[in-house]
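Undergrad: got a predicted structure plus its sequence, pasted below:
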Amino acid sequence: MNIHFDARLDGELPRRDKAEVLASLQQSVPDLTLLHREEDLHPFECDGLAAYRVLPMLVALPETLDQVVALLKGCRELGVPVVTRGAGTGLSGGALPLEQGVLLVMSRFNRILDVDPDARTARVEPGVRNLAISEAVAPHGLYYAPDPSSQIACSIGGNVAENAGGVHCLKYGLTVHNVMKVEIITIEGERLTLGSEALDAPGFDLLALINGSEGMLGVVTEITVKLLPKPETAKVLMASFDDVGKAGHAVGDIIAAGIIPGGLEMMDNLAIRAAEDFIHAGYPVEAEAILLCELDGVEADVDDDCARVREVLETAGATDIQQAHDEAERALFWAGRKNAFPAVGRMSPDYYCMDGTIPRRELPRVLQGISKLSEQFGLRVANVFHAGDGNMHPLILFDANRPGELEQAEDLGGKILELCVEAGGSITGEHGVGREKINQMCAQFSPEELTTFHAVKAAFDPERLLNPGKNIPTLARCAEFGAMHVHGGELPHPELPRF
Amino acid sequence: MANTTTPTPDRDISEALGERVRKADADGTPLRIVGGDTKGFYGRPVEGEALSTREHRGITSYDPVELIVSVRTGTPLAELEARLAEHGQMLPFEPPHFGDTATVGGMVATGLSGPRRPWAGAVRDFVLGARVITRAGDEQRFGGEVMKNVAGYDLSRLMVGAQGSLGLLTEVTLKVLPRPSASHSLRLEMPLDQARARLAEWGRQPLPLTAAAWQTGALHLRLEGGPGSVAATRERLGGEDLEADFWEALREQRLAFFSREDARPLWRLSLPYDTPALALDGVAEDDLLYDWAGCQRWLRSELPAETLREACASAGGHATCLTPGAAAPFTPLAPVMAKYHRRLKAELDPKGIFNPGRLYAEL
């Protein structure tokens, strides 16, 4: 797709002269760090979706909330769009800059403000890294549950914006389930508190709305997260299968037995070999698929569950079952999985990571479909799968230096996502829509539904200055790309503006 | 809608509902959305034409292995729970019914959760997707029928607790969980301060706690999980056995504390975990019932709403009046929050046809 903001398809944006914007913002927010020279802007030209690069007009690095308020007000007065960025690890181009926009980087807000072990909460600034929260509260026997693979680097503000997941979602939920309160600043510079330190708050559940809103409704400035007591024990089983379908069925069998594993992950042969080659985790390289099943909780229950899961896996046709003997081996089993992306990266000059979800029962059929598409496009696909919650991460291997191969990979990715939607699933389980999947949104939602999304946006940001061109496509874009829901070229509600 | 005595067949009346909404929007006629009419007391009265969802009923898809159920909103809550129980599953948030006719739609619209809430999560945490009839009368789908989905804004969760004021819920998709294999309830005599300290301590440990309530000198606990952990914790904590139906009586407000003979208003105080007893003039220990490990406190009191709300707000919480007829049952929103609420309502329901005034007069 064309990554650049396209006024025809994404809506009009005012064009402002860079020197004037710079001068105006320097005047209205005098102590704010504003980067404007090309060499200073380059480090910010992409997020974790590195194939998409755009140089922002300016980069703002505020250190105080007053600066954020003044910057947003200033940008609104000038009609300059604002893209907010955390650690820049997102995989859907949600923090992709705009040529004619300001990139608001929240990384300097990196303090843990307060830890309350009795209430089991931590109040943090948005630039705090995900893993740093768990590290800070570990002395109290607590941790923060959502653990995206990028948890060493990704920031909690970005986690809220993307409603980040991880390998423990089935049991412990996504970010939205683990955040109690979020402070935001709107484009009008107004400060809102969503949620509360209690278990609910009066009014609409705007806390749910802000999670996963991709920087479209407000800038996240403070987060109060829920902490959990560390499970007494965690044990991991690794089962090998000679058939991907059998492994898929085994996942359902475990859950049908009434067991909710802390983590339940699947990898196919290509992913297994890549991970083994990189991490030497002891994965069986001949297996067509492996399942990693982590059971956590109180020792007595975990031992019972391990025995039951072992039985289920045997019945499901596992060719080999290993249990990690100790904490070191458990960590090693997980290291293979958590490093699957870079491991696959070593096999190919470039890879493109997808993020569709499907009902688990559709897994064998969808995997078959992916394999067919892979042959058809002549590109290898490795499959890594949060099997417990139906979230697939097909990794498409390609070489961007070969002319046309990036576009091929994108087309293949788009087809895979459409396959997920047809199977009753979603185009994104945890990585977000961003810029990357903006066209596939047209396959998942009807123009009427998109219009409702635009209405929600209008309640917070009527001038569409926060992260324009991301997350929710315009009807005009869908008319051009999303054939599924547009019949006979006629859009419903022709009277509505096409943004 | 009259009560039916014979089982009602599954029906999809979404088109008729859509037509009613479309017409109401065209005419500017306010609608009062009614399911089983068991939770009408929770909120402000709505002036409007009654629109019943009760004929729109049936479980549209349920695959126990997927841990996901989709159900039309007019379906009786009891029917859904019975179906889940057949497969050893449950709604983890233990929703209150407040009557035999309670529907799934009412459960989601009010967003009320039972004793397991602090440990398992609330209704909103288990809503994966929703179908909503919007003002134009068309049924729209948000969220999904899968465990994880971050495409688009999370409008399905936004509908939870919105009390029908943003649209008409016609179907919801919920995550369900297996019922725990072991359960034991117990009662420990101890004063409030000690109970609070113990709960704070236990909260940092991986104990199989799924309910904790304190009233008149006794802490009531429920342990749920595998047989091993429940037995070990039971042994460790001691105390006397408690009938498991205590929790249902608490959830359904059938304990003596909730008796209608007590004419004083009933308040729900929602507070952070470690909030000490609030300093409230004239409130005796027996006027309070602590649920949710102290996060949800029921109070019988004639104190002015402002007094209670100030005390809760200074502790980081809020107070809701559950006695019918209260002028402002919900804590008023800060002006800036109210502004964005009004804007959202104006965008999604510009003519104010969906349960106008139910949450707040201006919404």
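TA: Perfect, thanks for sending it.
Undergrad: switch to C-alpha atoms for all contacts and neighbour counts from now on
TA: Noted.
Undergrad: neighbours of the residue in the stretch 201-350 of chain B positioned nearest to chain A, how many?
TA: In the stretch 201-350 of chain B, the residue found nearest to chain A is residue B:272; the distance is 4.0 Å by Cα to the nearest Cα. Burial of residue B:272 is recorded as 24 neighbouring residues (other Cα atoms under 10 Å in any protein chain shown).
Undergrad: cool, and residue B:188?
TA: 18.
Undergrad: what of residue B:191?
TA: Residue B:191 has 14 nearby residues by other Cα under 10 Å.
Undergrad: touching, it and residue B:198? I think so.
TA: No: using Cα atoms under 8 Å, residue B:191 is not in contact with residue B:198, being 10.8 Å away.
Undergrad: now do the SS call for residue B:344.
TA: Classification of residue B:344 by DSSP: H, G, I helix; E, B strand; the rest coil places it in helix.
Undergrad: and stretch B:324-336, anywhere near chain A?
TA: Yes: judged by Cα under 8 Å from any Cα of the partner chain, stretch B:324-336 comes into contact with chain A through B:330, B:331, B:332, B:333, B:336.
Undergrad: what helix or strand does the last one sit in?
TA: Assigned by DSSP states H and E, residue B:336 belongs to helix B:335-348.
Undergrad: against which helices or strands is that helix packed?
TA: Other elements packing on helix B:335-348 under the criterion 3 or more Cα pairs under 8 Å, 6 or more residues apart in numbering or on different chains; DSSP states H and E are strand A:191-195, helix A:447-460.
Undergrad: so what's the residue of the stretch 201-350 of chain B closest to chain A up against?
TA: Residues near residue B:272 by Cα atoms under 8 Å, 6 or more residues apart in numbering or on different chains: A:119, A:197, A:198, A:199, B:294, B:295, B:315, B:316, B:317.
Undergrad: so stretch A:194-207, near chain B or not?
TA: Yes: using Cα under 8 Å from any Cα, stretch A:194-207 reaches chain B at A:196, A:197, A:198, A:199, A:200, A:201, A:202, A:203, A:204, A:205, A:206.
Undergrad: quick one: contacts of stretch B:177-188?
TA: With Cα under 8 Å, 6+ apart as the criterion, stretch B:177-188 contacts A:258-259, B:67, B:88-92, B:218-227, B:230, B:234, B:238-244.
Undergrad: do stretch A:5-15 as well
TA: Here stretch A:5-15 has contacts from A:79-81, A:98, A:100, A:468-469, A:473-474, A:476-477, A:498-499, using Cα under 8 Å, 6+ apart.
Undergrad: count of neighbours near the residue in the stretch 101-250 of chain A that chain B sits nearest to?
TA: Chain B sits closest to residue A:198 of the stretch 101-250 of chain A, with a gap of 4.0 Å, by Cα to the nearest Cα. Number of residues near residue A:198 (other Cα under 10 Å) recorded here: 22.
Undergrad: ok, now how distant is the closest residue to chain A within the stretch 101-250 of chain B from residue A:267?
TA: Going by Cα to the nearest Cα, chain A is nearest to residue B:149 of the stretch 101-250 of chain B, at 4.3 Å. In this view, residue B:149 and residue A:267 are 21 Å apart by Cα to Cα, to the nearest Å.
Undergrad: show the subsequent helix or strand relative to whatever helix or strand residue B:247 lives in.
TA: Following DSSP H and E, one finds residue B:247 within helix B:245-251. Downstream of helix B:245-251, the next assigned helix or strand under DSSP H and E is strand B:266-270.
Undergrad: settle this for me: residue B:270 is touching residue A:195, isn't it.
TA: No: taking Cα under 8 Å as the definition, residue B:270 is not a contact partner of residue A:195, at 11.8 Å.
Undergrad: neighbour count winner among those two?
TA: Between residue B:270 and residue A:195, residue B:270 has the larger neighbour count (other Cα under 10 Å), namely 28 against 22.
Undergrad: report the contact partners of that one.
TA: Here residue B:270 is in contact with A:198, A:199, A:200, B:295, B:296, B:297, B:312, B:317, B:318, B:319 (Cα under 8 Å, 6+ apart).
Undergrad: residue B:349: neighbour count?
TA: With other Cα under 10 Å as criterion, residue B:349 counts 21.
Undergrad: hmm, it is touching residue B:168, no?
TA: No: applying Cα under 8 Å as the test, residue B:349 and residue B:168 come out as separate, 10.8 Å apart.
Undergrad: and for those two, which residues touch both?
TA: Common neighbours of residue B:349 and residue B:168 (Cα under 8 Å, 6+ apart) are residue B:134.
Undergrad: residues contacting residue B:322?
TA: The contact partners of residue B:322, taken as Cα under 8 Å, 6+ apart, are B:41, B:42, B:43, B:265, B:266, B:267, B:268, B:329.
Undergrad: and if you look at residue B:343?
TA: With Cα under 8 Å, 6+ apart, residue B:343 has these contacts: A:459, A:460.
Undergrad: now residue B:126
TA: B:174, B:175, B:176 are the contacts of residue B:126 under Cα under 8 Å, 6+ apart.
Undergrad: what does residue A:369 give?
TA: The contact partners of residue A:369, by Cα under 8 Å, 6+ apart, come to residue A:419.
Undergrad: send me the strand or helix carrying it as PDB with only the CA atoms.
TA: Secondary structure from DSSP H and E places residue A:369 in helix A:363-377. In PDB, the C-alpha atoms belonging to helix A:363-377 read as follows (Å, rounded to 0.1, in the frame of the first residue of the first chain):
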ATOM      1  CA  LEU A 363      -7.100 -23.400  12.900                       C
ATOM      2  CA  PRO A 364      -6.500 -26.400  10.600                       C
ATOM      3  CA  ARG A 365      -8.400 -24.900   7.800                       C
ATOM      4  CA  VAL A 366      -6.800 -21.500   8.100                       C
ATOM      5  CA  LEU A 367      -3.300 -23.000   8.300                       C
ATOM      6  CA  GLN A 368      -4.000 -24.900   5.100                       C
ATOM      7  CA  GLY A 369      -5.200 -21.700   3.500                       C
ATOM      8  CA  ILE A 370      -2.000 -19.900   4.500                       C
ATOM      9  CA  SER A 371       0.100 -22.700   3.200                       C
ATOM     10  CA  LYS A 372      -1.700 -22.600  -0.200                       C
ATOM     11  CA  LEU A 373      -1.300 -18.800  -0.300                       C
ATOM     12  CA  SER A 374       2.400 -19.200   0.500                       C
ATOM     13  CA  GLU A 375       2.900 -21.500  -2.400                       C
ATOM     14  CA  GLN A 376       0.900 -19.200  -4.700                       C
ATOM     15  CA  PHE A 377       3.000 -16.200  -3.800                       C
END
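Undergrad: name every strand pairing with the next helix or strand after it and say which way it goes.
TA: Note on helix A:363-377: by DSSP H and E, the next helix or strand toward the C-terminus is strand A:381-386. Note on strand A:381-386: by DSSP bridges, its sheet partners are strand A:263-268 (antiparallel), strand A:391-398 (antiparallel).
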